[in-house]
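J.: my questions concern the predicted model and sequence given below.
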Amino acid sequence: MTSRKQPPLKLTTATVAEITKRINRLRLDTENYEEVRTGIRTFFKSGIDAHGITLNPKQKLFRGVSYNDKPTTVDKLGAPPANIVTGFQRCNRPNSPMFYCATGIGPVFYELQPSVGDKVYVSKWSVIKPDFCVGYISPPDLSKFDHFLTAIYLFFDTKFMEPIHDDFSYRYKITAAITDFFVHENLYEPKIEGVQYTSAAYPGGAENLALLPSVVSKYLSLDYVEEWVIKQISKNGFVASADDIASNFDDGKIHWEGRSKEWIIPSKSICNFEMGPNGWIATLEDGSEIDPT
């Protein structure tokens, strides 16, 4: 948990209800973004502490991007350049990109919503320095908070869980403003450098993260990237084949190997394989996990 740099203002039931009503009544398609931030700002002045986590060393994070042509440089796997971020997204305003990722592979496909025949490039990253703080949009256990804060966190959670079509990206103004105050306003100590929220696209929910691009270069390591080709889509999910892999990124380039991933097992070792939520998991007799390459 982080602490506020300044003491909060006093909340009342009427204050929370009035702010919530005002934000919900905004015409987001025409409303100026700064006006949206004005309502959200009142919430943050009124007592929101940032409750969050530092990720474990070697925590696995997965990010997906879709391209017609196979990417050849590592920068194509990270957050996009600010100049091409022209619209609002769930955790960012225009010209302010975030690194969107998930703790599992499944949510990547649901978030991208590819079509049959599309190629999705799923990169796996590991946390090498857990020295950054990720704030919860809505803390997992709300029973410890008073009803004022609970109402605010539930409002945040509801907005982040709203499914929004690309044609209506202006509806992200509210969630982008909430993220702004967590990660850009420098309200907390230690600094919040990302947010964790529940996926609106993945059935049953999953934990997504949006990190500042600076976090990636300082605290994450790119392990490998796979090229997945979407074969079928049904109500039960996606059928895809992993057709290529790269784990060599010398000189910032992606050195594709023209094969699917494989596990290198040490000589005279016994390796156990079991299916996990992110594919096959290979472990040695001492319990250590072998990362595929």
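T.: Here it is on my side, so go on.

J.: where does the prediction get shaky in the stretch 1-150 of the chain?
T.: Counting by pLDDT under 70, the stretch 1-150 of the chain contains low-confidence ranges at 1-10, 47.

J.: that one: strands as residue ranges?
T.: 3-4, 52-54, 60-66, 99-102, 119-127, 133-136 (DSSP state E, counting those that start in this stretch).

J.: need those strands in TSV with distance to Ile254, can you?
T.: (C-beta placed from N, C-alpha, C; glycine too.) Below are those laid out as TSV (distance: least, C-beta to C-beta, whole Å):
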stretch	distance to Ile254
strand 3-4	41
strand 52-54	29
strand 60-66	12
strand 99-102	17
strand 119-127	9
strand 133-136	27
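
J.: now Asp244. Nearest residue, chain neighbours left out?
T.: Nearest residue to Asp244, sequence neighbours excluded (C-beta to C-beta, 6 or more residues apart in numbering): Glu227, at 4.1 Å.

J.: the one you found and Ala246, how far apart?
T.: Relative to Ala246, Glu227 is positioned 9 Å away (C-beta to C-beta, to the nearest Å).

J.: before we move on, the earlier item: ok, which of the strands of the stretch 1-150 of the chain comes nearest Thr13?
T.: For the strands of the stretch 1-150 of the chain, the distance to Thr13 is smallest for strand 3-4, at 21.5 Å, taking C-beta to C-beta.

J.: for Asn186, find the nearest of the strands of the stretch 1-150 of the chain.
T.: strand 3-4 (11.1 Å).

J.: ranges for the helices of the stretch 151-293 of the chain?
T.: In the stretch 151-293 of the chain, the helices defined using DSSP state H, counting those that start in this stretch lie at 173-183, 213-219.

J.: and the closest residue to Tyr153 other than its chain neighbours, how many neighbours?
T.: Nearest non-adjacent residue to Tyr153, counting by C-beta to C-beta, 6+ apart: Ser138, 4.4 Å away. Ser138: 20 surrounding residues under other C-beta atoms under 10 Å.

J.: for Ser138, give me phi and psi.
T.: phi -140, psi 110 (degrees, to the nearest 10).

J.: tell me which residues touch the residue nearest to Glu193 when sequence neighbours are not counted, please.
T.: The shortest distance from Glu193 to any residue other than its chain neighbours is 4.5 Å, reached at Phe132 (C-beta to C-beta, 6+ apart). For Phe132, the contact set (C-beta atoms under 8 Å, 6 or more residues apart in numbering) comprises 54-55, 193-194, 211, 215, 218-219.

J.: go through the residues you listed and say which is closest to Asp251.
T.: Closest to Asp251, out of all of those and judged by C-beta to C-beta, is Lys218, at 20.2 Å.

J.: now Val108: how far from Ser260?
T.: 17 Å.

J.: compare these two (neighbour count), which wins?
T.: Val108 (28 against 13).

J.: and for the residue nearest to Ala240 when sequence neighbours are not counted, the neighbour number?
T.: Closest residue to Ala240 apart from its sequence neighbours, by C-beta to C-beta, 6+ apart: Trp228 at 4.4 Å. For Trp228, the neighbour count with other C-beta under 10 Å is 22.

J.: residues contacting Trp228?
T.: 109, 119-122, 240-243.
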